[in-house]
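Participant: this is the structure alone, sequence omitted:
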Ligand SMILES: [Zn+2]
């Protein structure tokens, strides 16, 4: 019997929905599927329209997304990435206001050192999140022919800054690790989502972020809140930068 791609995806989604109910072995299933389908690298989880539709996202909210990029990354590529992220955020009635603030030189070769550098950057004025767009070099490509590759990260203390590799010099693009998918993935982390099989918990998190953002609008606070790993919300940019300063000391 020959399955179309849509049929295969539908069957997989139904299977995963059933498996997710077996909460006692959820983490085992998650890791198994992560390995097999690389979903840990390229997607937060599968969409579930039925669950998404249980939320109402009536008021349009603006989300200011600031970018530092390596000079070699073209404006066209950035615009294409912004466009894809913008479409994804339309699902939640969030209007993306993205702009490139400056160029940025890759600070280090290793993931750990890039992460440390990104984590020390302050969140600029008029920005809700800061994304750094970097490019790989031939050494990255060769190294990750043999080793797993981190294609993007969001720092975990404030979830307001992160980086992605915005190029195609990786075999991981063959399993969905395109710059666009990685940007969307990391942005879900900005909105408090972790890795899931099905995105139900992620929708809940985005709904909660929206409620916090609406609350900020009422109080005239100019910031789309972020959520710490401890689940406490950070409701203003000054607090974000205080946390960064404290961690850098
Ligand atoms: Zn992730």
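Facilitator: Right, received. Where do you want to start? What you see is a predicted model; the values in this text were computed from it and never measured. Residues are numbered from 1 along each chain as shown.

Participant: can you pull out the helices in this protein?
Facilitator: 5-21, 26-37, 39-42, 49-52, 75-90, 111-119, 138-143, 179-190, 200-218, 237-248 (DSSP state H).

Participant: for those helices, give me JSON lines that also has distance to residue 126 and mean neighbour count.
Facilitator: Placement of C-beta: from N, CA and C, glycine included. Listed next are those as JSON lines, based on distance: least, CB to CB, whole Å; neighbours: other CB atoms under 10 Å:
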{"stretch": "helix 5-21", "distance to residue 126": "39", "mean neighbour count": "12"}
{"stretch": "helix 26-37", "distance to residue 126": "37", "mean neighbour count": "13"}
{"stretch": "helix 39-42", "distance to residue 126": "31", "mean neighbour count": "19"}
{"stretch": "helix 49-52", "distance to residue 126": "30", "mean neighbour count": "12"}
{"stretch": "helix 75-90", "distance to residue 126": "16", "mean neighbour count": "16"}
{"stretch": "helix 111-119", "distance to residue 126": "19", "mean neighbour count": "16"}
{"stretch": "helix 138-143", "distance to residue 126": "32", "mean neighbour count": "12"}
{"stretch": "helix 179-190", "distance to residue 126": "16", "mean neighbour count": "23"}
{"stretch": "helix 200-218", "distance to residue 126": "14", "mean neighbour count": "18"}
{"stretch": "helix 237-248", "distance to residue 126": "9", "mean neighbour count": "15"}
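
Participant: need those in a markdown table (columns: distance to residue 162).
Facilitator: Converted to a markdown table, the helices of the chain look like this (distance: least, CB to CB, whole Å):
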| stretch | distance to residue 162 |
| --- | --- |
| helix 5-21 | 27 |
| helix 26-37 | 20 |
| helix 39-42 | 15 |
| helix 49-52 | 24 |
| helix 75-90 | 13 |
| helix 111-119 | 7 |
| helix 138-143 | 18 |
| helix 179-190 | 5 |
| helix 200-218 | 16 |
| helix 237-248 | 13 |
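
Participant: in CSV, list these along with mean pLDDT and distance to residue 225.
Facilitator: As requested, those are arranged in CSV below (pLDDT from 0 to 100; distance: least, CB to CB, whole Å):
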stretch, mean pLDDT, distance to residue 225
helix 5-21, 50, 28
helix 26-37, 42, 27
helix 39-42, 50, 26
helix 49-52, 96, 21
helix 75-90, 98, 16
helix 111-119, 96, 19
helix 138-143, 93, 34
helix 179-190, 96, 11
helix 200-218, 97, 4
helix 237-248, 95, 10
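
Participant: for residue 67, which of these is the nearest?
Facilitator: helix 75-90 (6.7 Å; CB to CB).

Participant: and residue 137, how far is that from residue 70?
Facilitator: 11 Å (CB to CB, to the nearest Å).

Participant: ok, residue 169 next?
Facilitator: 13 Å.

Participant: quick check: closest non-adjacent residue to residue 158.
Facilitator: Setting aside the residues directly before and after it, residue 158 is nearest to residue 240 in space (CB to CB, 6 or more residues apart in numbering), at 4.9 Å.

Participant: check residue 84 too.
Facilitator: In space, residue 84 is closest to residue 180, 4.2 Å off (CB to CB, 6+ apart).

Participant: with residue 151 instead?
Facilitator: Residue 151's closest residue in space is residue 182 (CB to CB, 6+ apart), at 4.8 Å.

Participant: dump the residue contacts of the one you found.
Facilitator: Residues in contact with residue 182 (CB atoms under 8 Å, 6 or more residues apart in numbering) are 42, 151, 152, 164, 165.

Participant: quick revisit: thought the residue nearest to residue 84 was touching residue 80?
Facilitator: Yes. In this structure residue 180 lies within contact range of residue 80 using CB atoms under 8 Å: 7.2 Å.
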